[in-house]
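Asks: only geometry, no sequence info:
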């Protein structure tokens with residue numbers, strides 16, 4: 001699981017417990033979806049293997065906020081027929097925009113950049129011997 005402090009700035013613990021029904025597996029699944037989304041956006045340009053596995057600290061601040069917003073939105077979508085609050089929809093949309101801008105290199109997600117692939121056989125032939 002992601003560090004619990006990742007949610008505290010925007011979501012009281014009792015609300016998080018209510019959204020998950022107290023089931024840590026529900027939270028773990030939502031976190032897994034959020035990490036997969038972040039990796040999908042960032043993998044082309046960044047070493048997403050550097051994203052900490054669940055249960056560890058060290059997620060860069062802005063990325064942590066984006067992940068938290070994605071997780072909370074995912075949890076709200078599981079409540080049927082409860083509509084997702086507008087604030088949560090806005091924060092999820094902002095998190096996706098942030099990930100897109102980070103993927104484009106306009107923002108720094110705090111992850112190491114992926115080295116460009118070296119083209120195989122890219123040297124031109126110098127002679128025709």
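Replies: The structure has been received and is ready for your questions. Because the structure is a prediction, the values reported are computed rather than measured. Numbering: from 1, shown residues only.

Asks: quick one: contacts for the residue nearest the centre of the chain?
Replies: In the chain, the residue lying closest to the centroid (Cα atoms, centre = their mean) is residue 38, at 3.2 Å. Residue 38 makes contact with 48, 51, 63, 66-67, 70, 99, according to Cβ atoms under 8 Å, 6 or more residues apart in numbering. Heads up, the C-betas are built off the backbone N, CA and C, glycines and all.

Asks: what's the mean pLDDT across the strand or helix carrying it?
Replies: Element membership for residue 38, per DSSP states H and E: helix 24-42. What helix 24-42 shows for mean pLDDT is 94.

Asks: try stretch 51-69
Replies: For stretch 51-69, mean pLDDT rounds to 76.

Asks: dihedrals phi and psi, residue 94?
Replies: Dihedral pair for residue 94: phi -60, psi -40, per degrees, to the nearest 10.

Asks: picking that back up, just the contacts of residue 38 now: which is nearest residue 108?
Replies: residue 63 (9.5 Å; Cβ to Cβ).

Asks: now for the contacts of residue 38, which pair is the farthest apart?
Replies: The widest separation within those (Cβ to Cβ) is 14.6 Å, between 48 and 70.

Asks: so between these two, which is more surrounded?
Replies: residue 70 (23 against 19; other Cβ atoms under 10 Å).

Asks: show me what contacts the residue nearest to residue 35 when sequence neighbours are not counted?
Replies: Nearest in space to residue 35, with sequence neighbours left out and distances taken as Cβ to Cβ, 6 or more residues apart in numbering, is residue 51 at 6.2 Å. Taking Cβ under 8 Å, 6+ apart as the criterion, residue 51 is in contact with 35, 38-39, 59, 63, 111.

Asks: ranking these by neighbours, who comes first?
Replies: That'd be residue 38 among those, by other Cβ under 10 Å, with 26 neighbours.

Asks: distance check, that one against residue 67.
Replies: Distance of residue 38 to residue 67, given as Cβ to Cβ, to the nearest Å: 6 Å.
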